[in-house]
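[1] Please find the sequence and the predicted model below.
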Amino acid sequence: MGLDEDYIEKVLGDQGQHMAVNYYPPCPEPELTYGLPRHTDPNTITILLQDQQVAGLQVLHNGKWVAVNPYPNAFVVNIGDQIQALSNGNYTSVWHRATVNTDRERISVASFLCPANDAIICPAVKDGSPAKYKKFSYDEYYKTFWSGNLDKEHCLELFKK
Ligand SMILES: O=C(O)CCC(=O)C(=O)O
Ligand SMILES: [Fe+2]
């Protein structure tokens, strides 16, 4: 992104790390529901440990849902909304969802790296190109994110200039 090495660290402030352990029980009619409906992650970066035996994560790529199958000894790293905002849309926060299975349970462990609540996020544009998003605090973003319809609209759309 052409920024100073410590730019992002300074902007994010005193970062937090939240963890979620997702348990998806077997579902008799998996085609009728999702373990997690489609969403983007509101934070900066998510490090995801997938169940090594059971697949379920899918990402939206070029308009199609693509399975991200478990890979031995590897984490999945997702770019979240704050990196999309900071990079002025150059890095995109991917739509993703989790499916369920008829006869197998699945577990995933997500570690969400988050800016400080009072961090002020705005696009870091160096070359004079126009910023696509407004300036906002992470606290404001997070509240907006959870007050909306997670699976309908990309929350960053609400912060467009
Ligand atoms: O279970 C998964 O593979 C995805 C979990 C996820 O997207 C999340 O916790 O935000
Ligand atoms: Fe997620």
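    Good, I have the coordinates. Because the structure is a prediction, the values reported are computed rather than measured. Numbers count the residues shown, from 1 in each chain. Ligands and ions are numbered 1, 2, ... in the order given.
[2] Can you report how many residues neighbour residue 34?
    17 (other CB atoms under 10 Å). C-betas here are computed from N, CA, C, even on glycine.
[3] Look up how far ligand 1 lies from it.
    10 Å (CB to the nearest ligand atom, to the nearest Å).
[4] what does residue 4 give?
    Applying CB to the nearest ligand atom to residue 4 and ligand 1 gives a distance of 30 Å.
[5] burial measure for that residue, as a count.
    10.
[6] Confirm it sits in a helix?
    No. Counting by DSSP: H, G, I helix; E, B strand; the rest coil, residue 4 is not found in a helix; it is coil.
[7] which residue is nearest the centroid of this protein?
    residue 41 (2.3 Å; CA atoms, centre = their mean).
[8] I'd say it and residue 112 touch.
    Yes. Counting by CB atoms under 8 Å, residue 41 does reach residue 112; the two are 6.4 Å apart.
[9] okay, and the common contacts of the two?
    Jointly contacting residue 41 and residue 112 under the rule CB atoms under 8 Å, 6 or more residues apart in numbering are residue 80.
[10] Secondary structure element for residue 110, which one?
    strand 106-114 (DSSP states H and E).
[11] Residue 123 now?
    Judged by DSSP H and E, residue 123 forms part of no helix or strand.
[12] Identify the residues contacting it.
    85, 86, 87, 88, 89, 131, 132, 133.
[13] that older thread, ok, the residue nearest to the centre of the chain to residue 102 distance?
    28 Å (CB to CB, to the nearest Å).
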